[in-house]
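[1] One predicted model, sequence on top.
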Amino acid sequence: MEIPSFPESNHPLVKSLFHHTDQELLTLFRCYPDDGKYFTVIFCRYSPIVYTLIQHSVRSPVQADYLFALTWRHIYYEFGGLYLTNPETGEDILTLQNWLINMTAFCINEIKLPPTEAIHYSLRDTSPPLWCYIEQSLDQLPSILRLIVLMAQTFHWSEIRIAAYLQAEGEQISPDEVANFLQQGYSMLEDKLPADICAIYLGKDSA
């Protein structure tokens with residue numbers, strides 16, 4: 001299996017932070033939770049190591065990509081409580097590389113992967129940092145919009161099928177209304193994404 005390359009590594013916002021140490025990036029990540037570039041830089045720096053470890057533990061490239069994304073999602077949610085130095089003495093406790101290796105090993109051992117044919121994730125379409133921030137933004141949407149967006153994007157259901165499902169659940173929503181809700185959902189989702197993530201992954205101007 002070939003280690004994938006990630007175009008975001010070449011984005012000016014990402015390249016401008018390459019000189020920072022792991023500790024500096026981790027501190028910036030905690031201090032500026034509305035910015036996504038710090039996590040993205042760490043992802044670009046360490047994705048080859050994480051992917052190399054993962055590719056030897058699964059049977060197919062599709063499973064490797066999915067486990068890789070799930071591992072980075074786990075890393076993202078653990079980052080807030082990670083300290084590489086002792087807050088009292090300032091002494092180094094561990095390196096980020098060692099911590100990431102340990103997290104990857106944990107995910108390899110603990111995450112039960114579905115069969116290849118049941119995986120809908122595409123690494124080429126959605127890089128793990130973008131997935132993490134989209135998921136975070138999805139959690140902020142009203143429940144009906146979140147459900148409709150998930151059915152459209154994850155299962156690729158049509159407006160007619162989504163409306164039929166919702167009607168069976170007691171929601172009187174027409175296919176046209178589903179289409180309107182989808183547009184609302186996508187707009188709100190983009191609004192809730194960090195501006196730098198929109199710039200890096202969606203080509204939007206960063207404020």
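    Arrived safely, thanks for sending.

[2] is it true that residue 25 touches residue 14?
    No - Residue 25 is beyond contact range of residue 14, at 11.1 Å (criterion: Cβ atoms under 8 Å). C-beta here means a position set from N, CA and C on the backbone, and glycine is covered the same way.

[3] which residues are common contacts for these two?
    residue 41 (Cβ atoms under 8 Å, 6 or more residues apart in numbering).

[4] Is the residue sitting furthest away from the middle of the chain in a helix, a strand, or coil?
    Farthest-out residue of the chain from its mean C-alpha position, per Cα atoms, centre = their mean: residue 89, at 33.5 Å. Taking DSSP: H, G, I helix; E, B strand; the rest coil as the rule, one finds residue 89 in the coil state.

[5] Tell me where this protein has helices.
    For the chain, helices defined by DSSP state H occupy the ranges 12-15, 22-31, 37-55, 61-79, 96-110, 128-138, 143-154, 159-168, 175-192, 195-202.

[6] Any idea which of these gets closest to residue 3?
    helix 37-55 (5.1 Å; Cβ to Cβ).

[7] Show me what the closest one is packed against.
    If contacts are counted by 3 or more Cβ pairs under 8 Å, 6 or more residues apart in numbering; DSSP states H and E, helix 37-55 sits against helix 12-15, helix 22-31, helix 61-79, helix 96-110, helix 128-138, helix 195-202.

[8] I'd like those as TSV, with mean neighbour count, mean pLDDT and distance to residue 166 appended.
    Shown next, in TSV, are the helices and strands packed on helix 37-55 (neighbours: other Cβ atoms under 10 Å; pLDDT from 0 to 100; distance: least, Cβ to Cβ, whole Å):
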stretch	mean neighbour count	mean pLDDT	distance to residue 166
helix 12-15	16	96	39
helix 22-31	16	93	38
helix 61-79	20	96	28
helix 96-110	15	97	34
helix 128-138	20	95	18
helix 195-202	20	95	28
